[in-house]
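> build me a model from this:
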Amino acid sequence: MVRTVAYKECFAKEKTDENVLPRTETCDFPEIENSTYPVFHIGDSLAILKEFPSKSIDFCMTSPPYWGQRSYENGGIGLENKPEQFIGNLLEVTKEIQRVLKDSGSFWFNIGDTYKNKVLQGIPWRIAIKMMDEQGWILRNDVVWNKHKGAMDSAADKLRNIHEMIFHFVKTTDYYYNDEAIRQNPQTTTVRNGAVVSSSGVCGIRYKRQIELSTALSKEEKENAMRDLQQVLKKVEKGDIPDFRMIIRNQQRATHSDSEKVSGRAKELKEKGYYFLLYSKNGALPTDVWEILPEDTQNREKHYAVYPEDLCKIPILATCPPDGVALDPFCGSGTTNKVAYDLHRKSIGIDISEKYINIAKQRVSQMYLNLL
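Numbering: from 1, shown residues only. Got it, this is the predicted structure:
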């Protein structure tokens, strides 16, 4: 018999046995109480997700079992005979994730690859392309997770594998994204020989000289360029921006593309003769290559595929609203849920293994106790 639990009852103010629901118990998602202790479901991810209401989740991040790598408790995805079967089963889950995700939501998908008969299967990209072509997902980033160290590899005819892919998918182009929450290493300006210099050494002298000597700018364009350059330099002096670049016709190439059809910057360069790239004083956005060591804090006899907590921080801070709900449909030892809890977000974790759910409960409970 299926028992429906009101969503506000799913988030207890402290850990209780009621936080772990049997596989068929789901949430109605009405008003949510102000608590961030995660809810865990034991059972098949696809079956449980089918019970979730549409457009009820703000954020999803997961790392499903990899194909043919390990034998997980209670079976489940990853034990298929062929990679095509594995991909098909995962696509059923991603389709349900797409349904339960809000239009403003994001889905971060970490998946590793597998060799069979000395052939790299290309599983991450085969799944990603099918998600775009067949399910309509929008891919915003393909992140390379550089783990620095990989498993022992006895093969002498190929390079060692030390990276995995993380894909950032959205449903629409109008999705939640808080770039200010993840900017890094704010830069500062300096004063050199009485002149204000940007964080990378730009003071405007070279740009002024290029404008004066340009044969590609008209007199009016030169006057406009000098005026706007002075305004940008004043912003640097006041500390409004730490750095900038000026792109001048026939002096620097347009960023990204020289074609006005595909680049607004190229169009601006053609029409005005110049444009500026202004840096944020709050720092730069992270790149799409993440240098993060694998998790070593968990006992290997408990869980063999723990992804590190740092892997979840940028996705959650950037794409899960502070009052949002995070989901991990293959939560394993609960890393996504623990980081969501650390960052004061509500979350739901699903896993077919009661053993792993108990580990997840212990990890989050320890964090809860540390805050008391």
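> how about residue 338, secondary structure?
helix (DSSP: H, G, I helix; E, B strand; the rest coil).
> also residue 60?
Residue 60 is classified as strand under three-state DSSP.
> is it correct that it is in contact with residue 330?
No. Counting by CB atoms under 8 Å, residue 60 does not reach residue 330; the two are 10.4 Å apart. In short, each C-beta sits where N, CA and C put it, glycine included.
> these two: which is more packed in?
Taking neighbours as other CB atoms under 10 Å, residue 60 and residue 330 compare with residue 60 leading, 27 against 24.
> now that one: how far from residue 105?
For residue 60, the distance to residue 105 equals 7 Å [CB to CB, to the nearest Å].
> same check, this time on residue 349
As for residue 349, its distance to residue 105 is 17 Å (criterion: CB to CB).
> quick one, helices of the stretch 251-372 of the chain?
In the stretch 251-372 of the chain, the helices defined using DSSP state H, counting those that start in this stretch lie at 264-272, 310-319, 335-342, 354-371.
> hey, which of those is tucked in deepest?
Stretch with highest mean neighbour count among these: helix 335-342 (a mean of 25; mean count of other CB atoms under 10 Å).
> could you check the angle it makes with helix 310-319?
50 degrees (axes from the mean of the first three to the mean of the last three CA atoms, to 10 degrees).
> check the offset of helix 335-342 from the chain's centre.
14 Å (CA atoms, centre = their mean, to the nearest Å).
> and if you look at stretch 114-134?
Using CA atoms, centre = their mean, the offset of stretch 114-134 from its chain centre is 20 Å.
> measure it end to end?
23 Å (CA to CA, to the nearest Å).
> can you pull the contacts of the residue lying farthest from the centre of the chain?
Residue farthest from the centre of the chain, counting by CA atoms, centre = their mean, is residue 219 at 46.7 Å. When the contact criterion is CB atoms under 8 Å, 6 or more residues apart in numbering, residue 219 has no partners at all.
> among the helices of the stretch 251-372 of the chain, which comes closest to residue 119?
Nearest to residue 119 among the helices of the stretch 251-372 of the chain is helix 310-319 (27.6 Å), distances taken as CB to CB.
> distance check, the residue nearest in space to the middle of the chain against residue 364.
Computing the C-alpha centroid of the chain and ranking residues by CA atoms, centre = their mean puts residue 315 first, at 3.6 Å. Separation of residue 315 from residue 364 (CB to CB) stands at 18 Å.
> okay, the helices of the stretch 251-372 of the chain in TSV with distance to residue 125 and mean pLDDT next?
Shown next, in TSV, are those (distance: least, CB to CB, whole Å; pLDDT from 0 to 100):
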stretch	distance to residue 125	mean pLDDT
helix 264-272	29	85
helix 310-319	19	96
helix 335-342	23	94
helix 354-371	28	76
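> as CSV, those with distance to residue 111 would be great.
Listed next are those as CSV, based on distance: least, CB to CB, whole Å:
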stretch, distance to residue 111
helix 264-272, 34
helix 310-319, 13
helix 335-342, 14
helix 354-371, 18
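> which one of those lies nearest to residue 44?
helix 354-371 (12.7 Å).
> my guess is residue 40 contacts residue 353. True?
No. Here residue 40 does not reach residue 353: they are 11.0 Å apart, not a contact under CB under 8 Å.
> those two - which one has more neighbours?
With neighbours defined as other CB under 10 Å, residue 40 and residue 353 compare such that residue 40 has more, 24 against 21.
> what mean pLDDT does the helix or strand containing that one have?
Using DSSP states H and E, residue 40 maps to strand 39-42. Per-residue pLDDT values over strand 39-42 give a mean of 94.
> buried set for the following helix or strand past that strand?
Per DSSP H and E, the first helix or strand lying C-terminal to strand 39-42 is helix 45-49. By neighbour count with 16 or more other CB atoms under 10 Å, helix 45-49 contains the buried residues 45, 46, 48, 49.
> turn these into a markdown table, columns for distance to residue 119 and pLDDT.
Shown next, in a markdown table, are these (distance: CB to CB, whole Å; pLDDT from 0 to 100):
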| residue | distance to residue 119 | pLDDT |
| --- | --- | --- |
| 45 | 28 | 94 |
| 46 | 28 | 96 |
| 48 | 34 | 96 |
| 49 | 32 | 97 |
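> between those, which is closest to residue 360?
Proximity of those to residue 360 (CB to CB) peaks at residue 45, which lies at 14.2 Å.
> separation between the closest one and residue 92?
According to CB to CB, residue 45 and residue 92 sit 10 Å apart.
> is it true that residue 66 lies in a helix?
No. Read with three-state DSSP, residue 66 is coil and lies in no helix.
> ok, the closest residue to it other than its chain neighbours - contacts?
With sequence-adjacent residues excluded and distances taken as CB to CB, 6 or more residues apart in numbering, residue 66 is closest to residue 112, at 4.8 Å. By CB under 8 Å, 6+ apart, the contact list for residue 112 reads 66, 69, 123, 124, 164, 165.
> now those residues in a markdown table, with neighbour count?
Shown next, in a markdown table, are the contacts of residue 112 (neighbours: other CB atoms under 10 Å):
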| residue | neighbour count |
| --- | --- |
| 66 | 19 |
| 69 | 14 |
| 123 | 21 |
| 124 | 20 |
| 164 | 22 |
| 165 | 18 |
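> just the ones of those in strands?
Assigned to strands by DSSP state E, the following of these qualify: 164, 165.
> where's the residue lying closest to residue 132 once chain neighbours are set aside, which helix or strand?
Using CB to CB, 6+ apart and skipping residues adjacent in sequence, the residue nearest residue 132 is residue 139, 5.8 Å away. Per DSSP H and E, residue 139 falls inside strand 138-146.
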